[in-house]
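**Q** my questions concern the predicted model and sequence given below.
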Amino acid sequence: MKRHVTICLLLMLLPFVLFAGTVGKISGTVVDKTTGEGLAGVNVIIEGTTLGSATDADGYYMILNVPAGLFNVHASYIGYKELVVRDVRISMDLTTELNFELEPTVLKGEVVTVTAQRPIIEKSATASISITTAEELENIPVRGTQNIIATMAGVVVQDGNVHIRGGRDDEVKFFLNGVSTVNPMNNTNVVSVIHEAVEEIQVLAGGYNADMGGANSGVVRTELKTGASKFQGSLDIRTDGFGDPEEGNKFLNTYTYGHRAGIVTLGGPLISKKARFFIAGEYNNREDSRVRYSKGFLFEDMVDNNPHNAIHDTVTLEYPDGFTPKQNDERYTLNGTVTLDLPVRLNFGFAYTTRKYDITDQPMLRLLNDRTPYNENNTLLLTGRATKIFSPGTFLELRASSYNYFLERGDSWFDHDWHVWYDSTEVYNYSLDKYGGDSSLAVTYRNAWNPKYNYRFCGIPFNRNGAPNDYYFKQKQSYYGFGADFVTQMGRHHEIKTGLDYRAYTIRRFAIYPDVMSFTAEDGTMPYPTYGSIENIPANVWMDNGLVRPYGYDIYGNEIDESKSYYKDAAHDTLLTRVDGPKKPMEFSTYLMDKIEYNDLIINAGVRLDYFDSDDKELKDPGNPEVDRNAGMLKESAWKKLDPEIIISPRLGFSFPVTDKTVFYTQYGKFVQMPSYNNIYFPTYEYARQIVRQGYYYINPIGFGLKPIKTTSYEVGLRQQIAQMAGLDVTAFYKNVKGLVEVIKQLPDQPSSIPGYYDLLSNGDFATNKGIELRLTIRRWNRLAGQINYTYTDAEGTQSTSTSAHGALYFNSQMPTIINPLEYSQTHRGSINLDYRFGINDGGPLLSQLGFNLLFQFNSGHPFTYVFVPPGGQTDAYTAGTDYMLDTRDRWPAEPIGSSSTPWVYYADLRIDKTFSIKNISATFYVMVNNLFNRKNVVNVHWVTGSPSDDGFLSDPDRSASTISANGGQKFIDLYNAINLENGQAYWDAVGNELYGRPRQIFFGIKFNI
């Protein structure tokens, strides 16, 4: 009831709801060029829009609510030549200063046109900000939002995860057209944006105004292009293909990975110039999406030695050079906007992606298996804005958004029909048809529902053909948001902004092990009780043997809207199991902000209120909860609803000039966000396993009752113009983070309803991050433009992840209370991007419109800890060198945490392009090379040895002698070396990461523009 009342009150306030800002501002003065006096009544108009203003008595003007992009701005006045400034860049939430000097004339219709130059230093920003525009994106030799922001100051991309200023990977918020694009379960970006559809990308690293929240480390904002007043379009086709990738073909000593992409864009007027559209579509197919260093191998006459198999087959194991099989990734993406420049301006945006990608971390162990698991997901984001401009200094913007995301596991033979994945009849019939009716190739199982045992060659397990995927899941998320944005300029100096933000989520998840279908076999046909059909299987038997984990779905995978209980009989006397309905968290915020601009002094002062209702619950008595003994579950009465959290956060930023070429700025703010919901939401069955039944060590412990994470951030910086060609930005930052998620041990009361302690996620970790950022921007000068970024970071905390100290907890060791280097931090990181370009008719026919763009990136590696693996225990022939990585109990630190570091990393990427123009059509031929020098960068190491090529097993006779002897001697050594040391298979399988960075990849492309 309390929740419903709160929602009703918030809906009443929706006329003032605000999303993250997506517009900028133009201001300046218009003066007589001869006398320098301000001109009153001059019309300043933005071409192609209805936006404009007239100067006041002093010649001052301002225009609010200008979309991000390039515009031509006109200033006209009777008795003066009209002045047109072309290509004025407007950025989100920043003020562009544009001054005009008009020349007197006695003739009508005289027009003077000049081209704007982007300011060398940004005077209107009161915090560190990195901006990449559409023009810069066109030439840079990397693609994708993550790769672009990785070049910016303060940003670290480690093992595919984005960290900003030392924060964890779930502390970054992504926005598209002002609305959130993150998966609330893990706070990662799930909306694909086409490179050619982007108008601007901004990274706000740690300090941002009160109108944004939900991110403790940084914000990444992307704005899509809007259509122009004239039709424009492009077609871009590229490939790295110059042969069959599976044959290990090389060109210029570089492998092909089967990457192909095509991008189409079209934009322009719809019915009139007041109605414009922009749309971009991309098809992207990557046969080998992993792109890794790999070495082929060939082992002939390999004899199966699995003792469970009655017949021991002899096979050949052959793995290709360079190419990694079973890693196909196919994606279709659409991005677009529609703008109606009416008295009430309307803007609609959408981003849609459908993607299907193979999901296996064991390509070498699946060499003989034609059957591959995959994930398939669909994402749709819809945005709408309606803007009413009351005056050049006041506007109201209403907003709405809708987000839908669906992810499902599939099987390459039977797609999403998991009921038949283990059905021997279906498998036989499918494979018989697949192999042209050849029964000798058809897949047979050892009984109706159980596949034959895996092969073991030298003790290492390999899939047989037709071996099924053993895990199915699906998850569904959606949210709707509403909003409005009210901004008014009070005089010249105060821009007042106020608003609210509201989002309501619905989250569902279902997971099951499909081999539970064996319980549908006829009674007496299996070595355990079976029931003939799904309907006859008791709900608790189905749940226990299928490890079914649903919420928002019933135990069979059907959607439900409320919790559901399953009983032994119709009388409902005996509970068998229970599942929860969908999770429905709600986030709301409101703020008030004043942007004070007095000459060159700028103050951003604001306060923000965040309201989090996580739709979570907590145990009334965690040490002695109420238990239903028959069901082996916690009673519903054991839980209580978690109260919402309300937190107020002040923000304050200053920017003021020291000289006409030097700007000083400083920022202070408090920031707050909820932990990722995958630390909060667990099925009722998981709570039953870990709290009531226990008996096992759970690598992924449960959580409930988690509170928001809080950060206090400070930064101070200096922007310095160097001559007329460069600008230097220096920033120092400090952050203190409290309430990060960690694992604690919940002890039982004495006496208690539960058998012992259980591990529980809780708010307890803290971190301290500090550093310095340098950014040197070089305006194009003698054909050369560029940017140099460098970041020094000292990121320390009690733990790098929520479960880093899980093993210490198991051994009753003291939990970490001192800070250590965080394992994802990179002390030194930087990038150098240089663009050398000939203009039209510059340098003669051969050099005209020829361009070179070089991107050089480097980092000092990341911390790791040498570990000691205690002797004893069983050793598996395949995972002998990595099994300690899976379980924190199996390793002991051999040095203080984070004392060692991986080696320095260096990458160089290059793009060369040449454009030919015929009237209004141009064709650009380009070559893009990633990792130009094919440097084999070490990005991770084995913790026992500190080496990427030695896991410490074969090189330690005390650990390996008995395993080598039992599994074929030298033949085992050769196979283990080929799979695990030369190709890192077991490491990849254990932690999901790579030991080496990506090898060289060469793309050839052609792009047509009209």
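**A** Sure thing, it's come through.

**Q** so residue 196 belongs to a helix, correct?
**A** Yes - counting by DSSP: H, G, I helix; E, B strand; the rest coil, residue 196 is part of a helix.

**Q** residue 878 contacts residue 462, correct?
**A** No - with contacts counted by C-beta atoms under 8 Å, residue 878 stays clear of residue 462, the gap being 9.5 Å. The C-beta positions use only the backbone N, C-alpha and C, and glycine is treated the same way.

**Q** what sits in contact with each of these two?
**A** residue 365 (C-beta atoms under 8 Å, 6 or more residues apart in numbering).

**Q** got a list of what residue 830 touches?
**A** 788-791, 857-859.

**Q** what do you get for residue 339?
**A** By C-beta under 8 Å, 6+ apart, residue 339 lies in contact with 226-227, 275-277, 345-348.

**Q** likewise for residue 253?
**A** By C-beta under 8 Å, 6+ apart, residue 253 lies in contact with 934, 1000.

**Q** start the count at 62 instead of 1 going forward.
**A** Got it, first residue is 62 now, which makes that one residue 314.

**Q** measure it to residue 296 for me?
**A** Here residue 314 is placed at a distance of 31 Å from residue 296 (C-beta to C-beta, to the nearest Å).

**Q** please apply the same query to residue 207.
**A** Distance check for residue 207 against residue 296: by C-beta to C-beta, it reads 25 Å.

**Q** what about the closest residue in space to residue 141 that isn't next to it in sequence, neighbour count?
**A** Leaving out its chain neighbours, the residue that sits closest to residue 141 by C-beta to C-beta, 6 or more residues apart in numbering is residue 163, at 4.0 Å. Neighbours of residue 163 under the rule other C-beta atoms under 10 Å: 22.

**Q** surely residue 163 touches residue 144?
**A** Yes - between residue 163 and residue 144 there is a contact under C-beta under 8 Å: 5.8 Å.

**Q** what do those two both touch?
**A** Contacts common to residue 163 and residue 144, judged by C-beta under 8 Å, 6+ apart, are residue 136.

**Q** can you give me the end-to-end span of stretch 162-178?
**A** For stretch 162-178, the separation between the terminal residues is 16 Å (C-alpha to C-alpha, to the nearest Å).

**Q** please apply the same query to stretch 474-488.
**A** 8 Å.

**Q** again, but for stretch 803-820
**A** Stretch 803-820 has an end-to-end distance of 10 Å (criterion: C-alpha to C-alpha).

**Q** circling back to that earlier point, most neighbours among the contacts of residue 891, which one is it?
**A** Among the contacts of residue 891, residue 852 has the most neighbours (other C-beta under 10 Å), with 26 neighbours.

**Q** measure that one to residue 211 for me?
**A** Residue 852 is 11 Å from residue 211, by C-beta to C-beta.

**Q** same check on residue 459?
**A** Counting by C-beta to C-beta, the gap from residue 459 to residue 211 is 36 Å.

**Q** next: residue 1006.
**A** For residue 1006, the distance to residue 211 (C-beta to C-beta) stands at 28 Å.

**Q** and for residue 605?
**A** 45 Å.

**Q** state the distance from residue 125 to residue 89.
**A** Distance of residue 125 to residue 89, given as C-beta to C-beta: 13 Å.

**Q** residue 694 now?
**A** Separation of residue 694 from residue 89 (C-beta to C-beta): 68 Å.

**Q** swap in residue 692?
**A** For residue 692, the distance to residue 89 equals 72 Å [C-beta to C-beta].

**Q** okay, the two: which has more neighbours?
**A** The residue with more neighbours, out of residue 692 and residue 89, is residue 692; 23 against 20, by other C-beta under 10 Å.

**Q** I'd say the more buried one and residue 639 touch.
**A** Yes - counting by C-beta under 8 Å, residue 692 touches residue 639, with 7.4 Å between them.

**Q** and the nearest residue to residue 300 once chain neighbours are set aside, what element?
**A** With C-beta to C-beta, 6+ apart as the criterion, residue 300 has its nearest non-adjacent residue at 4.7 Å, and that residue is residue 321. Residue 321 belongs to strand 320-330 when assigned by DSSP states H and E.

**Q** how far does that strand sit from its chain's centre?
**A** Mean-position distance between strand 320-330 and its chain equals 23 Å (C-alpha atoms, centre = their mean, to the nearest Å).

**Q** and if you look at stretch 644-655?
**A** Distance of stretch 644-655 from its chain centroid, counting by C-alpha atoms, centre = their mean, is 22 Å.

**Q** what about the helices in the stretch 612-761 of the chain?
**A** Listed from the start of the chain, the stretch 612-761 of the chain has helices (DSSP state H, counting those that start in this stretch) covering 745-748.

**Q** correction: the previous question concerned the stretch 962-1071 of the chain.
**A** So, for the stretch 962-1071 of the chain - with DSSP H, counting those that start in this stretch - the helices run 1018-1027, 1031-1037, 1046-1052.

**Q** using PDB, write out every CA atom in the longest one.
**A** Extracted C-alpha coordinates of helix 1018-1027, given in PDB (Å, rounded to 0.1, in the frame of the first residue of the first chain):
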ATOM      1  CA  PRO A1018      57.100 -32.000 -10.900                       C
ATOM      2  CA  ASP A1019      55.800 -32.300  -7.400                       C
ATOM      3  CA  ARG A1020      52.300 -31.300  -8.600                       C
ATOM      4  CA  SER A1021      52.300 -32.900 -12.100                       C
ATOM      5  CA  ALA A1022      54.300 -36.100 -11.900                       C
ATOM      6  CA  SER A1023      51.500 -38.400 -10.900                       C
ATOM      7  CA  THR A1024      49.000 -36.900 -13.400                       C
ATOM      8  CA  ILE A1025      51.500 -37.100 -16.300                       C
ATOM      9  CA  SER A1026      52.200 -40.700 -15.500                       C
ATOM     10  CA  ALA A1027      48.500 -41.700 -15.200                       C
END
